[in-house]
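Enquirer: One predicted model, sequence on top.
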Amino acid sequence: MKACIMCGGAGTRLRPLTFKHPKPSIPILNKPSVRHLIEHLSREGFNEIVMTLGYMGERIEEQLGDGHMFGVHIDYVYEKEKLGTAGGVKNAEKYLKGEPFIVLGGDHVLNLDLREMYRFHEANDAPITIGLLSIDDPREFGIADMDINNRIHRFLEKPKSGQIFSNLASTGIYICSPSIFEWIPQGKKYDFAKDLFPFMLAADKKINGVLVRGKWTDVGSSAAYRQAQRWMLDSLPGTTIEGNFTTRNARIKGPLSIGNNVCIGSNSSLVGPIVIGENTTIGNNVLIGPYSVIGSNCTIEDNAKILSSYLFDNVFIGKESNISGGVVADETIIGEHCFLENGTVIGHKVLIGSNSTVHSGVKIWPEVVIDKDSSIKETVINYDYDASNDGS
Ligand SMILES: CC(=O)N[C@H]1[C@@H](OP(=O)(O)OP(=O)(O)OC[C@H]2O[C@@H](n3ccc(=O)[nH]c3=O)[C@H](O)[C@@H]2O)O[C@H](CO)[C@@H](O)[C@@H]1O
């Protein structure tokens with residue numbers, strides 16, 4: 001079966017993390033998030049995949065290659081300019097002929113039964129089937145009004161507070177028959193939710209919806225990113241402690257997945273679920289709490305605490321520092337006695353001087369240097385990085 005993964009967006013809502021990684025490459029359990037999606041598609045039998053690429057697309061192609069290591073074949077199509085969701089899929093039309101295909105976002109993290117959705121589409125006669133999920137606050141999504149026979153009669157993209165007529169939100173996962181290509185203009189910006197669905201509903205063409213069960217999120221914001229990591233950590237098997245590491249007398253409780261050549265100092269305590277990449281060094285008396293992911297080649301010095309936090313590769317955490325509910329991107333250095341409060345997001349190559357506090361929810365742009373003894377209460381932007389808002 002065929003799949004089209006849309007990866008053209010710039011991921012602005014996930015800044016500063018998306019300055020270094022395109023959204024589908026942001027690590028989840030130390031792997032580019034789109035790898036988890038491709039592994040799931042492969043398990044579900046979608047093994048002919050085309051990816052539509054834009055912002056930092058080469059990076060994604062480099063990481064995934066032709067797909068053989070996941071048991072799939074991947075083709076890539078580049079968008080020279082932003083074509084929108086449907087326009088991007090139209091651009092990949094030559095790979096999607098002859099049979100229905102599934103469309104997903106490159107930032108989707110899920111464990112849904114996609115085959116069930118595909119079978120539903122095959123058994124019914126609508127040219128498109130939208131995967132719907134019941135969501136408490138659907139303002140960030142497209143919402144649909146569906147009848148008992150699964151036909152959608154109304155669809156509204158990102159409704160405002162007074163406009164919410166349904167809490168059935170579009171997951172942005174569609175099963176499409178190739179006949180939809182007739183209605184999508186070539187080489188023009190065109191969206192499923194903003195253009196194609198309104199056109200189809202006005203022309204009385206059938207759109208079906210299907211309720212999906214299981215876990216799904218698009219990694220559109222740092223809160224969704226943290227949620228996605230938690231789900232994936234919850235799926236680590238039982239009490240497994242795997243990998244090749246050395247320690248003197250650390251207390252370790254799984255589930256824990258650990259890379260090769262990790263060194264854990266004495267009297268440290270690790271409570272899973274935790275994932276640690278290779279060549280990472282953890283000092284003495286360090287506490288690493290549940291729902292933490294530490295990348296490769298990181299150094300965590302003595303008496304530091306890492307609680308429900310995500311460190312990318314090559315991160316340095318100084319002595320006695322405390323990272324609680326934070327995300328720290330690659331090659332960042334956090335000095336001694338620092339405190340990163342809940343919800344902080346630190347870009348790559350940042351330097352935070354000792355004895356500093358970064359308050360809750362603050363984001364720090366890449367390559368910023370924070371003086372020692374600072375108390376940072378507001379987002380710090382580095383204007384050398386493109387701050388234009390050119391997509392999500
Ligand atoms: C307009 C649209 O379809 N909206 C849907 C989209 O909103 P949402 O706001 O999430 O849509 P995004 O702008 O994130 O785009 C969705 C996906 O399309 C890709 N992309 C986007 C623009 C582009 O020119 N090229 C490209 O490839 C993005 O990389 C992303 O993977 O997903 C939500 C579920 O998450 C749905 O509820 C919304 O109905």
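Expert: That came through, no problem.
Enquirer: Tell me which helix or strand comes right after the helix or strand bottoming out on mean pLDDT in the chain.
Expert: The least trusted helix or strand in the chain, going by mean pLDDT, DSSP states H and E, turns out to be strand 241-242, with a mean of 71. Sequence-wise, the next helix or strand downstream of strand 241-242 (DSSP states H and E) is strand 245-247.
Enquirer: Which strands border that following strand, and is each parallel or antiparallel?
Expert: strand 262-264 (parallel) (DSSP bridges).
Enquirer: Give me the residues contacting the strand it pairs with.
Expert: 243-247, 250, 252, 270, 276, 278-282, 286 (C-beta atoms under 8 Å, 6 or more residues apart in numbering). (C-beta placed from N, C-alpha, C; glycine too.)
Enquirer: how long is stretch 347-356 from one end to the other?
Expert: Using C-alpha to C-alpha, to the nearest Å, one end of stretch 347-356 lies 16 Å from the other.
Enquirer: And for stretch 21-41?
Expert: Where stretch 21-41 begins and where it ends lie 22 Å apart, using C-alpha to C-alpha.
Enquirer: Could you find the residue nearest the spatial middle of the protein?
Expert: For the chain, residue 219 is the residue whose C-alpha lies nearest the centre (C-alpha atoms, centre = their mean; 3.6 Å).
Enquirer: Residue numbers of the stretch 201-350 of the chain in contact with the ligand?
Expert: Residues of the stretch 201-350 of the chain lying close to the ligand by C-beta under 6 Å from any ligand atom are 218, 220.
Enquirer: still on that earlier bit, least confident of the contacts of strand 262-264?
Expert: Checking pLDDT across the contacts of strand 262-264, the minimum falls on residue 243 at 72.
Enquirer: Now that residue: closest residue in space, sequence neighbours ignored.
Expert: residue 258 (3.4 Å; C-beta to C-beta, 6 or more residues apart in numbering).
Enquirer: That neighbour contacts residue 245, doesn't it?
Expert: Yes - using C-beta atoms under 8 Å, residue 258 makes contact with residue 245 at a distance of 5.2 Å.
Enquirer: Looking at those two, which is more packed in?
Expert: Neighbour tally, residue 258 and residue 245, criterion other C-beta atoms under 10 Å: the higher count belongs to residue 258, 24 against 20.
Enquirer: quick one: contacts for that one?
Expert: 241, 242, 243, 244, 245, 275, 276.
Enquirer: Would you mind giving the residues you listed as CSV with distance to residue 320 added?
Expert: Compiled in CSV, those are given as follows (distance: C-beta to C-beta, whole Å):
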residue, distance to residue 320
241, 27
242, 30
243, 27
244, 29
245, 23
275, 24
276, 20
